[in-house]
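A.B. asks: Show me how the following folds:
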Amino acid sequence: MAKVLSVDEKLIIPKQGNWWNPQENANKPATWCAYVIRSNVPRTVPFYTSGSDEKTNCAVIEKIATIDLQFVGTQSEELAQSVALWPLRSDVQDAFAEVRGAVMNDSMEAVSSNFYQDGNNTVLAWNVTFRVLWYHVIDTTQGKMEAVLMDGKINKGL
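C.D. replies: The predicted model follows:
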């Protein structure tokens, strides 16, 4: 996310009350982002594929992640509104491709809300939800499975 938003990765934090609050820092950042991965819904049944070395099998499943972002600070509206342009940006496509994912076309609506932190005064936050189609890959550390012919005999030549 830091790469996509062009911000310091220390300013992208999990959205939970007991996490580090950038606003408590003496040198408050101008803008920061909280995130939560709300869901990872499997879209296919798991399947096996060969690993990059062609000797290892991997278990794979296609999933859709729903991710909420909350921007707080002076650039919060600008950053939230820019999410709708992600499908047009090749750098965003490349960043998600590195994690076997792609941003899905969706509403990506930016919505404002009040942000309350530790009972202090409220500030305006901007929120956006987007979805990512991605492949969850697990190396099974097993060799390629032997081919089985339809008559039930193992064929070591395949």
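A.B. asks: and the residue nearest to Ala30 when sequence neighbours are not counted, how many neighbours?
C.D. replies: Take Ala30 and drop its neighbours on the chain: the residue closest to it by Cβ to Cβ, 6 or more residues apart in numbering is Thr74, 4.8 Å away. All C-beta spots, glycine's among them, are computed from the backbone N, C-alpha and C. Under the neighbour criterion other Cβ atoms under 10 Å, Thr74 is assigned a count of 11.
A.B. asks: Could you do Gln70 as well?
C.D. replies: Neighbour count of Gln70, defined by other Cβ under 10 Å: 20.
A.B. asks: so which strand or helix has it?
C.D. replies: In this structure, Gln70 is located in strand 56-73 according to DSSP states H and E.
A.B. asks: and after that strand, which helix or strand comes next?
C.D. replies: Assigned by DSSP H and E, the successor of strand 56-73 is helix 76-82.
A.B. asks: And whatever helix or strand comes next after that next one, what does it pack against?
C.D. replies: Helices and strands here follow DSSP H and E; after helix 76-82, the next one along the chain is helix 90-97. Based on contacts counted as 3 or more Cβ pairs under 8 Å, 6 or more residues apart in numbering; DSSP states H and E, the elements that helix 90-97 packs against are helix 2-5, strand 101-103.
A.B. asks: Return the most buried member of those.
C.D. replies: Taking mean count of other Cβ atoms under 10 Å as the contact definition, the stretch among the helices and strands packed on helix 90-97 with the greatest mean neighbour count is strand 101-103, which reaches a mean of 18.
A.B. asks: And the contacts of that strand?
C.D. replies: Outside of strand 101-103, the residues within contact range by Cβ atoms under 8 Å, 6 or more residues apart in numbering are 65, 86-87, 92-93, 96, 130-135.
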